[in-house]
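S.K.: One predicted model, sequence on top.
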Amino acid sequence: MVARMRPADGAMTLAEMKEFAGFAAATQRYIRRSLDVGLDREDALTRWSRDVVEAASIRAQARHYCRLPDIRAMVPDNSGLDAAEPFLAPLITVAAFDLGQGRITSFAAFRFLYERLIGASVRPWLPGAFCAAAALPHLHPELRRTLLQSISEAAATASGWSSRQPAFYPYWVEKVETGALPH
């Protein structure tokens, strides 16, 4: 039996692709690298490190991302404060690492990445985690300003969130030489 994609699913996937295409190249690269690390898709160190500094960054990212399975398991089902601290503390720590790398420079890019790393159920918690991580003192003041100004009032004050899982998960695509294509 052939699975069919409903027209709405295709439109949403296309919208996600367009959103991703709107990010700066460095942001796109960081998101793909982060998904490889966070979802165990590829050997991120081999694929993404261009030098010893980037290799060290990927190793540090993997150490922080080892918390992701626990974070996924702790996403609260409601907005009660009892579950907020054990969930938000590790989420903010991981988010602070990513923001500190300087490649995620807007709430939109942060949301795009974290919806895929953790799942749709994290959406209500992302504005608070983003603002907390973006306000931490380890970030340069100009980066803090840029990050905090990137979250729209609508995102910060949303009354509801979609439970639809993301459909588009960007990944590395090898370049094909034009001469190698059949005629």
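M.R.: Sure, I can see it.
S.K.: Run a quick neighbour tally on I104.
M.R.: 28 (other Cβ atoms under 10 Å). Yep, even glycine has a C-beta here, placed from its N, CA and C like the rest.
S.K.: repeat for A96
M.R.: As a measure of burial, A96 has 18 neighbours, counting by other Cβ under 10 Å.
S.K.: residues in contact with the residue lying closest to it once chain neighbours are set aside?
M.R.: Counting by Cβ to Cβ, 6 or more residues apart in numbering, A133 is the residue found nearest to A96 once chain neighbours are left out, at 4.2 Å. Neighbour list for A133: 92, 95-96, 98-99 [criterion: Cβ atoms under 8 Å, 6 or more residues apart in numbering].
S.K.: from those, which is closest to S106?
M.R.: S106 has its nearest neighbour among these in L99, at 10.3 Å by Cβ to Cβ.
S.K.: Identify each buried residue in the helix or strand the closest one falls within, please.
M.R.: Using DSSP states H and E, L99 sits within helix 84-100. Buried residues in helix 84-100, counted by 16 or more other Cβ atoms under 10 Å: 87-88, 90-100.
S.K.: Same check on stretch 56-64?
M.R.: For stretch 56-64, using 16+ other Cβ under 10 Å, the buried residues are 57-58, 61, 64.
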